[in-house]
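In: below is the sequence, then the predicted model.
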Amino acid sequence: MNHSEQLLVTIKKCSELTGLTEEAIRQYIKKGHWRERIHVFRAPNKRIFIKLKAVYAWIEGKGA
């Protein structure tokens, strides 16, 4: 497993890389389209991080 497979980024960076708005990303999380521990991880300080590999798979229709 290489580094890019585990790359976690903030909502802002995910928005920049995917072209999705930050609000759209928050709605995908809120509505359960992006699931905890698959697409979304929360740091101990409650900051949200997005796993890019899982998000790209979801965008392509290949993931959970």
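Out: Cool, got the structure. Numbers count the residues shown, from 1 in each chain.
In: buried residues in stretch 19-30?
Out: Buried positions in stretch 19-30, judged by neighbour count with 16 or more other Cβ atoms under 10 Å: 20, 25, 28-29. For every residue, glycine as well, the C-beta is placed using N, CA and C.
In: contacts made by that stretch with the rest, please.
Out: 11-12, 14-15, 34, 39-40, 48, 50 (Cβ atoms under 8 Å, 6 or more residues apart in numbering).
In: just list the residues touching F41, thanks.
Out: 8, 48-51.
In: to clarify, my last question referred to Y56.
Out: T18.
In: same deal with K12?
Out: Contacts of K12 by Cβ under 8 Å, 6+ apart are E22.
In: tell me if I'm right that V9 and K53 touch.
Out: No - with contact defined as Cβ atoms under 8 Å, V9 does not reach K53; the gap is 10.9 Å.
In: give me the common contacts of the two.
Out: Contacts common to V9 and K53, judged by Cβ under 8 Å, 6+ apart, are absent.
In: please tell me how far the residue nearest the centre of the chain sits from T21.
Out: Among the residues of the chain, the one closest to the centroid is I50, at 3.0 Å (Cα atoms, centre = their mean). For I50, the distance to T21 equals 13 Å [Cβ to Cβ, to the nearest Å].
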